[in-house]
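Novice: coords please:
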Amino acid sequence: MNILLATDLSLEAEGAARWALALRDRIHQADHQATLRALYVSEPSWHAMKGEAQVTDMPGLNYQTTHEVRDWLKGVDDDTADVDIVVREGNPSREITEYCKQNPVDWLITGTSGAGAFGRALLGSTSLKLAHRAPTRTVLVKPDHQSLPDHPRMAVAVDFFPGSQSALFSAAQLAHLNEGTLELVHVLQDHPTPTLNTGLVNYLAPRDMEELSARTRDSLNALCAQVQALYAGLKVEAHVFSGRAAPTLIHFCEHNAIDLVVLAKRSRSALQDRALGSVAGAVARKHPTTVMLVPIDEESED
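Specialist: The predicted structure follows:
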């Protein structure tokens, strides 16, 4: 497996580095191959802004920057000699996304800039763009999460849409790899919503909601059985809630010591980045815990 750590050498990025290193080690412990690369994107140099050579074309500056990244990694963990260093120059989200498109990357790991409203505003600049644009599994490591725990408690949002099972099985793979537990969560929308074509309000009576909840739980239990057939011994539980999807999922993560929440994502354009209304976007902005966004299987959605 190929792991890419996107770093700006900040304090917040150290947790992401430890998370990536722990993932590498768990993969090795499972007798699988894992390659870890650290990608650092520097600001455009004076030469680049004048249309001349970039840092990657200047051996001396490239050597210096590479060693700065290497020294930063050593400060995080001594076992980083096998980490490949990649240096790029330009817009961070654009350069990282292009690297993921041009190279085999199974996991993109990145830190975020802090907590609270100010931190979420910063999250919208680079990390959130990566979360929606990067064509691979993208992990946004919460600043106060120092590493990937030994036995993580993970939650995955299940919406039953075609193609979104990629998130479920990515979560199951990671939970199995780390001897963790996996919580399958589905949220039934219990608030009245107007239909687009008539303007009439959809409403479910309490009895109908109970029946729908029971059928949903049966469907989740069937998915649990599929996961456990694939990963024997993995502890999997199903949860059905009613309410608004994003706030309910965020509340579940905050009150159940969830180490990682996994959600499916669809491809988004730059325009859509400015108008996020999805559950994935809302959870990523609130950042109740470390978040992993998984691209859906586009073919199975057709």
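
Novice: where does the closest residue to residue 175 other than its chain neighbours sit: helix, strand or coil?
Specialist: Counting by CB to CB, 6 or more residues apart in numbering, residue 175 lies nearest to residue 182, which is 4.3 Å off, once chain neighbours are set aside. Placement of C-beta: from N, CA and C, glycine included. For residue 182, the assignment made with DSSP: H, G, I helix; E, B strand; the rest coil gives strand.

Novice: what's the answer for the one 5 residues further on, then?
Specialist: Secondary structure assignment for residue 187 (three-state DSSP): strand.

Novice: all strands for the stretch 51-200 of the chain, in order.
Specialist: Using DSSP state E, counting those that start in this stretch, the strands of the stretch 51-200 of the chain run over 84-89, 107-111, 137-141, 153-157, 181-188, 193-194.

Novice: select, out of the ones you listed, the one closest to residue 279.
Specialist: Among these, the nearest to residue 279 by CB to CB is strand 153-157 (6.6 Å).

Novice: and the pLDDT for residue 210?
Specialist: On the pLDDT scale, residue 210 is placed at 86.

Novice: what's the answer for the one 10 residues further on, then?
Specialist: Residue 220 carries a pLDDT score of 96 in this model.

Novice: go ahead and confirm it touches residue 158.
Specialist: Yes - look at residue 220 against residue 158 with CB atoms under 8 Å: they come within range, at 6.5 Å.

Novice: so which of these two has more stuff around it?
Specialist: Using other CB atoms under 10 Å as the criterion, residue 220 and residue 158 rank with residue 158 on top: 25 against 20.

Novice: and the more buried one, backbone torsions?
Specialist: The phi/psi pair for residue 158 (degrees, to the nearest 10) reads phi -110, psi 120.

Novice: show the contacting residues for it.
Specialist: If you count contacts by CB atoms under 8 Å, 6 or more residues apart in numbering, residue 158 has them with 164, 167-168, 184-186, 220, 223.

Novice: on that earlier part again, what touches both of residue 220 and residue 158?
Specialist: In contact with both residue 220 and residue 158: 184, 186, using CB under 8 Å, 6+ apart.

Novice: leaving out chain neighbours, which residue sits closest to residue 97?
Specialist: What sits nearest to residue 97 in space, not counting adjacent residues and going by CB to CB, 6+ apart, is residue 133, at 4.9 Å.

Novice: gap between that neighbour and residue 217?
Specialist: 35 Å (CB to CB, to the nearest Å).

Novice: those two: which has the busier surroundings?
Specialist: Taking neighbours as other CB under 10 Å, residue 133 and residue 217 compare with residue 133 leading, 22 against 15.

Novice: so which strand or helix has residue 36?
Specialist: Element membership for residue 36, per DSSP states H and E: strand 35-42.

Novice: what is that strand packed up against?
Specialist: Secondary-structure packing of strand 35-42 (3 or more CB pairs under 8 Å, 6 or more residues apart in numbering; DSSP states H and E): strand 2-7, helix 12-29, helix 59-76, strand 84-89, helix 92-102.

Novice: what angle separates the second one from strand 2-7?
Specialist: Just to be clear, that refers to helix 12-29. Here the directions of helix 12-29 and strand 2-7 differ by 170 degrees (axes from the mean of the first three to the mean of the last three CA atoms, to 10 degrees).

Novice: what about dumping the CA coordinates of helix 12-29 to PDB?
Specialist: Taking Å, rounded to 0.1, in the frame of the first residue of the first chain, the C-alpha atoms of helix 12-29 are listed here in PDB:
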ATOM      1  CA  GLU A  12      -0.400  20.400  13.900                       C
ATOM      2  CA  ALA A  13       1.100  18.200  11.200                       C
ATOM      3  CA  GLU A  14       3.100  16.200  13.800                       C
ATOM      4  CA  GLY A  15       0.000  14.200  14.800                       C
ATOM      5  CA  ALA A  16      -0.700  13.400  11.100                       C
ATOM      6  CA  ALA A  17       2.900  12.200  10.700                       C
ATOM      7  CA  ARG A  18       2.600   9.900  13.700                       C
ATOM      8  CA  TRP A  19      -0.800   8.600  12.300                       C
ATOM      9  CA  ALA A  20       0.800   7.900   9.000                       C
ATOM     10  CA  LEU A  21       3.800   6.100  10.600                       C
ATOM     11  CA  ALA A  22       1.500   4.000  12.800                       C
ATOM     12  CA  LEU A  23      -0.500   3.000   9.700                       C
ATOM     13  CA  ARG A  24       2.700   2.000   7.900                       C
ATOM     14  CA  ASP A  25       3.800  -0.100  10.900                       C
ATOM     15  CA  ARG A  26       0.400  -1.800  11.300                       C
ATOM     16  CA  ILE A  27       0.500  -2.800   7.600                       C
ATOM     17  CA  HIS A  28       4.000  -4.200   8.000                       C
ATOM     18  CA  GLN A  29       2.900  -6.100  11.100                       C
END
